[in-house]
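Colleague: starting from these lines, generate the structure:
(chains A, B, C and D)
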2 protein chains.
Amino acid sequence: MSGSRATLAQVAARAGVSVSTASLAFSGSGPVSAATRERVLAAAEQLRYAGPDPRGRSLRQGRSGIIAVVMEDRVLAAFRDPVRIAVLDGIAQETSAQGQGLLLLSDVGESADAIGTATMDAAILLAFSSRSDPTVELLRRRVVPLVALGGPDHGLLTISIDDEAASAAAAAHLAGLGHTDVAIVTLPLVNVDSPAARGPLTADAMRAASVTVSLTRLRGARSVFPAAAGWVSAASSVDEGMIAGQALLADPARRPTAVIAQSDLLAAGVIRAAHELGLSVPGELSVIGFDGIPLDRIIPQDLTTMVQPAAAEGRAAGRAVLDLLAGTQPRSASFQCTFHPGATTARPA
Amino acid sequence: MSGSRATLAQVAARAGVSVSTASLAFSGSGPVSAATRERVLAAAEQLRYAGPDPRGRSLRQGRSGIIAVVMEDRVLAAFRDPVRIAVLDGIAQETSAQGQGLLLLSDVGESADAIGTATMDAAILLAFSSRSDPTVELLRRRVVPLVALGGPDHGLLTISIDDEAASAAAAAHLAGLGHTDVAIVTLPLVNVDSPAARGPLTADAMRAASVTVSLTRLRGARSVFPAAAGWVSAASSVDEGMIAGQALLADPARRPTAVIAQSDLLAAGVIRAAHELGLSVPGELSVIGFDGIPLDRIIPQDLTTMVQPAAAEGRAAGRAVLDLLAGTQPRSASFQCTFHPGATTARPA
DNA sequence: CTGTTAGCGCATTCAT
DNA sequence: ATGAATGCGCTAACAG
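Modeller: Model prediction:
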């Protein structure tokens, strides 16, 4: 694209036809005789013309074939989360089947500048928190069709999972087993560029919270265990889960009989911590996770968890964006999780 | 971008200035009086103008602010590999700091169409095999500045790691401990859209191989253990490593004393398999990996491995691309791995 | 079937 | 400090 490039006009001149005819020969969207098409293609070959320049084409057509995916984290943080990867893959399945490219944009630091200036036909907002309201406003102004995947209600077309119901179901499972003393390990409550806030779940922490998914799942769990103690982790990882587990389980006097973790990785960490403390799972501690990702045997048991249809969500978001671009009016959709009865929950001792 | 949008001309008209003046007011790259700038911005505000349309701008400037990252796998496969994620994050660190967006493109199936038609200022080819020669040729024709990250020699500017030397070093480490009966577990030899080829490393398999990294690492290991038996895995994962481990270790009569795995995930799987067979590591079997990724305690021990500076590679590739766009001439670079002495290798029994 | 005309939205000369 | 003119490369109406 930089450097010198043949243009359609040059190709047309060489083939002895008009530019518009040459254009038709490439797009195939009009009546061109086989002979002329041949001539045009031959001329292109001689000039090493690689096809119409996307820039001219997209200005003319008002379409670029680019769909943006906007995240609040930098790439590394986002893609360390297996659920996000599955969602992104779902999106890519749909969009790339239509020859659309995915533009990865991050709403952090200077990277966010690109959101205001990058070419895009539409955007998918991935797991936004309320922190990003200004970004949503900017994209709205740019009249970019938007699809939200998870996140707070911006009045946008939204693809989501019923986090609250699923969390409530997880809690109800424990309640049904007879647990009454339950602790909750949450995902981060604030976003990446805020000072990391790992620690006990306090009223202050709740007030400062901006991450929708964490709050919604918390609400679901609290609907069953209103007084449950909580621990806020700084990321969704095994290590963070272990820290949470240590904090919640170390003191035998204040030890819950069950833990609800807001992700499988956190749950795995809690189980690890329990083992290190000499607690058997589920004999002395029940643990339920959230996500249903392959844990690659980080823990020996099969984790009891709420399975989230991440790839399906991604595909739905991808389809919604394509529908938006096609002019049809897709509808918001909410997916349900399914309970996976693993081997990490049991009746309290 | 779709739907109706105010244009710079409308803003200019409303502000009572010429289009060119309005343009200057936005770009800030020319002399405009503070008063007129105010008027222009006010007019923009009234019309809810969100700034210059990227399409017009990129046609005019010949720049789009988009850097493509082209991979041979679909998103899911690519991002299941922690090294790839780290590399991508390194790229993003550099490019997004310059406000450039990353366009994710896949050289598989219909998704590949976008490679010929998508807007991009430059492209980074991520871990290409020789299979993708036609794609390289296409991008060359499009006169897109290219940077290869790993992969075969296309005569392109290439950022790589010295796989062969690192593999040789890993092998030498085992040789130094006294091992002579060593087996090698390789990464896939053929690409995703070829029929998956898991199984013993045969001459036939070698002939059909197209994945550079696997072959290069193999060459390094074989430089120390020319006759080493091998197993080709179908992916870089713990599960594949376990399958390899089962295959290589099940028969006590033909059991090696050490295994060189071409990735840490494969190494972890081999160790898992060893444990299942009742073999102690490193007592009865030494295992060395490759990558130096955080294993999140998939195995109990600290893995002995060759640590690859993945993020640094990514940053180097990102910088190279930016340099290319800036007109300076970056040079190819090769990174060295560092040996990490973990707890999974020892003298043979 | 092919050519002519027009303009997508903008940044950049060059005048003034 | 501002404005007028030009064209980036292409496709879509329309006319022939």
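
Colleague: which residues in the stretch 101-250 of chain A form helices?
Modeller: A:113-117, A:133-141, A:163-177, A:203-208, A:212-224, A:238-249 (DSSP state H, counting those that start in this stretch).

Colleague: closest to DNA strand D out of those?
Modeller: Checking those against DNA strand D by Cβ to the nearest atom of the strand gives helix A:113-117 as the closest, at 16.5 Å. Placement of C-beta: from N, CA and C, glycine included.

Colleague: which elements pack onto that closest one?
Modeller: Using 3 or more Cβ pairs under 8 Å, 6 or more residues apart in numbering or on different chains; DSSP states H and E as the contact criterion, the neighbours of helix A:113-117 among helices and strands are helix A:133-141.

Colleague: elements contacting the helix it packs on?
Modeller: Packed against helix A:133-141, as judged by 3+ Cβ pairs under 8 Å, 6+ apart, are the following elements: helix A:113-117, strand A:122-126, strand A:146-149.

Colleague: for DNA strand C, which of these is the nearest?
Modeller: Closest to DNA strand C of the helices and strands packed on helix A:133-141 is helix A:113-117 (Cβ to the nearest atom of the strand; 9.1 Å).

Colleague: show the average pLDDT along the closest one.
Modeller: Averaging pLDDT along helix A:113-117 gives 93.

Colleague: just the CA coordinates for that helix, please, in CSV.
Modeller: Taking Å, rounded to 0.1, in the frame of the first residue of the first chain, the C-alpha atoms of helix A:113-117 are listed here in CSV:
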residue,chain,number,x,y,z
ASP,A,113,-7.0,7.2,20.4
ALA,A,114,-7.5,4.7,17.6
ILE,A,115,-11.1,4.3,18.7
GLY,A,116,-11.8,7.8,17.5
THR,A,117,-9.8,7.5,14.2
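
Colleague: for the helices and strands packed on helix A:133-141, give me TSV that also has mean neighbour count.
Modeller: Written out in TSV, the entries for the helices and strands packed on helix A:133-141 read as follows (neighbours: other Cβ atoms under 10 Å in any protein chain shown):
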stretch	mean neighbour count
helix A:113-117	20
strand A:122-126	25
strand A:146-149	25
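
Colleague: so which of those comes closest to A:Ala175?
Modeller: Between A:Ala175 and the helices and strands packed on helix A:133-141, the shortest separation by Cβ to Cβ is 30.4 Å, and it involves strand A:146-149.

Colleague: which other helices and strands contact the closest one?
Modeller: Applying 3+ Cβ pairs under 8 Å, 6+ apart, we find strand A:146-149 packed against strand A:122-126, helix A:133-141, strand A:157-161, helix A:310-326.

Colleague: send me the third one as CSV with only the CA atoms.
Modeller: Spelled out, it's strand A:157-161. Output for strand A:157-161, consisting of C-alpha atoms alone and laid out as CSV, is shown next (Å, rounded to 0.1, in the frame of the first residue of the first chain):
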residue,chain,number,x,y,z
LEU,A,157,-28.0,-4.1,21.3
THR,A,158,-26.6,-6.5,23.9
ILE,A,159,-25.6,-10.1,23.8
SER,A,160,-25.2,-11.4,27.3
ILE,A,161,-25.5,-14.4,29.6
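
Colleague: so that strand versus strand A:122-126, what angle?
Modeller: With axes from the mean of the first three to the mean of the last three Cα atoms, to 10 degrees as the criterion, the two stretches strand A:157-161 and strand A:122-126 enclose an angle of 30 degrees.

Colleague: and what of the longest one?
Modeller: Relative orientation of helix A:310-326 with respect to strand A:122-126: 150 degrees, computed using the same axes, to 10 degrees.

Colleague: residues in contact with A:Leu104?
Modeller: Listed by Cβ atoms under 8 Å, 6 or more residues apart in numbering or on different chains, the contact partners of A:Leu104 are A:Ala68, A:Val69, A:Met71, A:Val75, B:Ala92, B:Gly101, B:Leu102, B:Leu103, B:Leu104.

Colleague: what's the burial count for the closest residue to it other than its chain neighbours?
Modeller: Take A:Leu104 and drop its neighbours on the chain: the residue closest to it by Cβ to Cβ, 6 or more residues apart in numbering or on different chains is B:Leu102, 4.5 Å away. A count of neighbours around B:Leu102, defined by other Cβ atoms under 10 Å in any protein chain shown, yields 24.

Colleague: does B:Leu102 touch B:Glu94 like I think?
Modeller: No. Under the criterion of Cβ atoms under 8 Å, B:Leu102 lies out of contact with B:Glu94, with a separation of 10.4 Å.

Colleague: would you mind writing the CA trace of the host helix or strand of A:Leu266 as CSV?
Modeller: Here A:Leu266 is covered by helix A:264-276, with elements defined by DSSP states H and E. Output of helix A:264-276 as CSV, limited to C-alpha atoms (Å, rounded to 0.1, in the frame of the first residue of the first chain):
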residue,chain,number,x,y,z
ASP,A,264,-13.1,-21.5,37.2
LEU,A,265,-9.5,-20.3,37.5
LEU,A,266,-10.3,-18.7,40.8
ALA,A,267,-12.0,-21.9,41.9
ALA,A,268,-9.0,-23.9,41.0
GLY,A,269,-6.8,-21.6,43.0
VAL,A,270,-9.1,-21.9,46.0
ILE,A,271,-9.0,-25.7,45.8
ARG,A,272,-5.2,-25.5,45.6
ALA,A,273,-5.1,-23.4,48.7
ALA,A,274,-7.4,-25.7,50.5
HIS,A,275,-5.2,-28.7,49.7
GLU,A,276,-2.2,-26.8,51.0
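
Colleague: buried residues in it, which are they?
Modeller: Of the residues in helix A:264-276, those with enough neighbours to count as buried (16 or more other Cβ atoms under 10 Å in any protein chain shown) are A:Asp264, A:Leu265, A:Leu266, A:Ala267, A:Ala268, A:Gly269, A:Val270, A:Ile271, A:Arg272, A:Ala273, A:Ala274, A:His275.

Colleague: just the buried ones from the contacts of A:Leu104?
Modeller: By the neighbour-count criterion of 16+ other Cβ under 10 Å, the contacts of A:Leu104 include these buried positions: A:Ala68, A:Val69, A:Met71, A:Val75, B:Ala92, B:Gly101, B:Leu102, B:Leu103, B:Leu104.
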